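Q: For reference, the sequence and a predicted model appear below.
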Amino acid sequence: MQLSIIVPTYNEAPNVAELVRRIAVATRGVDAEILFVDDSTDATPDVVREVATAAPLPVRLIHRDVATAGLGGAVVAGMQAAAFDLCLVMDGDLQHPPEDIPALLARHAAGDVDIVVASRYIGDGSAQGLADRTRVFVSKLSTLLTRAMFPIRLRGVSDPMTGFFLVDRRSVDLDGLRPRGFKILLEMLARRSLRVAEIPFRFADRFAGESKASVRQGVNFLVQLTGLRFGKMSLFAVIGGLGALTNLAIMWALTELGMHYIPAAIIGSEVTIIGNFLLQERFVFQDMRADAAGTWTRFAKSFAFNNVEAIVRIPVIALLVNTWHLSSVIAAAITLIVAFVVRFMFHSLVVYAPRRAGAPSAARELVDEIDAQLMSPGEL
């Protein structure tokens with residue numbers, strides 16, 4: 001049996017030697033390697049290199065100067081660079097006990113599954129290593145939410161949030177993964193129907209160092225979950241909705257202060273145009289930026305389009321107010337809803353279009369791309 005053990009690390013220097021020692025004991029008789037994919041700012045890379053010189057099994061290091069896509073991106077990079085197709089993913093803090101590796105291998109050897117998940121929530125599994133009751137509650141709530149969002153793909157998976165699992169990379173579309181943070185297993189399970197088995201494990205206390213959990217990771221998880229379940233358009237809609245509320249709030253505040261509704265609507269639009277672009281860059285189109293034009297070009301296209309749209313929309317607001325006698329805020333809300341689909345299409349197909357020579361896409365390609373943006377990677 002050949003096995004690549006992928007360990008994404010971020011400032012885990014005190015844990016490296018003990019982790020390698022315990023993995024070496026757990027994989028005796030297995031042709032195994034350990035591949036550290038490191039985004040650290042401390043001495044972790046140096047420690048890995050030092051430990052590798054005396055380790056009883058091959059230890060390799062990929063140090064990323066740019067931590068693209070966070071922990072999930074590190075796992076994907078490790079799976080792409082692994083020497084073997086069978087890949088085991090585990091954290092570098094020893095909360096995932098290396099002693100459970102033989103159980104994962106034994107279950108996979110039965111030959112009836114694509115992926116074996118180490119679960120905290122079946123049998124004698126335990127989440128005792130979570131720092132406090134708040135984290136236990138958040139973990140369980142996140143798991144329930146995730147399973148509710150993907151009742152088909154996650155049927156029979158009690159712990160889709162774990163980072164401890166064994167998978168044959170040939171069963172996963174690595175190029176199709178779009179990791180946003182640290183829940184890479186969820187990304188794999190949501191994007192492709194896989195045969196899954198689980199074994200229980202006891203989530204241990206950290207051997208050394210501090211937890212990397214943060215509010216920012218929580219936000220990234222919610223964005224990842226929304227994007228996986230509903231696709232880019234839902235994220236675009238969420239940001240557009242927040243922008244619309246901000247727009248209306250600014251407009252209401254300025255009109256309450258005595259400003260005429262036309263300049264109030266213009267100010268509200270300009271503020272939200274800039275804010276929406278920044279959020280879309282970060283959460284919606286981040287996987288398309290590398291192939292698109294530069295940041296300032298993207299901003300110029302987005303800013304120009306949204307201002308043209310606003311120039312068209314402002315007279316429509318005036319028409320609705322003066323002819324239909326609607327409230328200016330209600331009129332603005334109606335025009336924002338109507339503009340949403342056109343705005344999404346423009347950003348998907350123009351602002352973030354890949355740089356390439358030649359004529360514009362044919363009509364059929366345009367329709368296919370719109371359909372892909374709307375539907376992928378939702379659950380069928």
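A: Nice, I can see it. These numbers were taken from a predicted model, which means no experiment stands behind them.

Q: Could you use CA atoms for every contact and neighbour count after this?
A: Fine.

Q: residues touching residue 262, list them.
A: Residue 262 sits next to 314, 318 when contact means Cα atoms under 8 Å, 6 or more residues apart in numbering.

Q: Could you do the one 3 residues further on as well?
A: Taking Cα under 8 Å, 6+ apart, we find residue 265 in contact with 247, 248, 251, 314, 332.

Q: Just the ones in helices from those, please.
A: 247, 248, 251, 314, 332 (DSSP state H).

Q: Please produce TSV containing these, extended by pLDDT and distance to residue 6.
A: Below are the ones in helices among the contacts of residue 265 laid out as TSV (pLDDT from 0 to 100; distance: Cα to Cα, whole Å):
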residue	pLDDT	distance to residue 6
247	85	46
248	88	48
251	89	52
314	77	55
332	79	52
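
Q: quick revisit: closest one to residue 67 out of the contacts of residue 265, please.
A: Nearest to residue 67 among these, counting by Cα to Cα, is residue 247 at 34.1 Å.

Q: picking up where we left off before, could you dump the contacts of residue 265 to CSV with distance to residue 13 and neighbour count?
A: Shown next, in CSV, are these (distance: Cα to Cα, whole Å; neighbours: other Cα atoms under 10 Å):
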residue, distance to residue 13, neighbour count
247, 47, 26
248, 50, 22
251, 52, 26
314, 58, 20
332, 55, 23
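
Q: Which single one of those residues is nearest to residue 290?
A: Looking across the contacts of residue 265 and measuring by Cα to Cα, the closest to residue 290 is residue 247, at 29.9 Å.

Q: what residues are up against the closest one?
A: Applying Cα under 8 Å, 6+ apart, the residues near residue 247 are 265, 268, 269, 271, 272.

Q: which residues does residue 60 contact?
A: So residue 60 contacts 33, 34, 35, 36, 49, 52 (Cα under 8 Å, 6+ apart).

Q: Mind telling me what element the fourth one is part of?
A: Going back to what we said before, that points to residue 36. Using DSSP states H and E, residue 36 sits in strand 31-38.

Q: Sketch out the strands for the stretch 101-250 of the chain, chain order is fine.
A: Using DSSP state E, counting those that start in this stretch, the strands assigned to the stretch 101-250 of the chain run over residues 115-119, 165-168, 196-200.

Q: any idea of the mean pLDDT in the second one?
A: Looking back up the chat, that one is strand 165-168. Averaging pLDDT along strand 165-168 yields 96.

Q: ok, back up a step: name the next helix or strand downstream of the strand holding residue 36, please.
A: helix 44-54.

Q: now what about that next one, what contacts it?
A: Residues contacting helix 44-54 (Cα under 8 Å, 6+ apart): 10-14, 16-17, 20, 36, 38, 58-61, 63.
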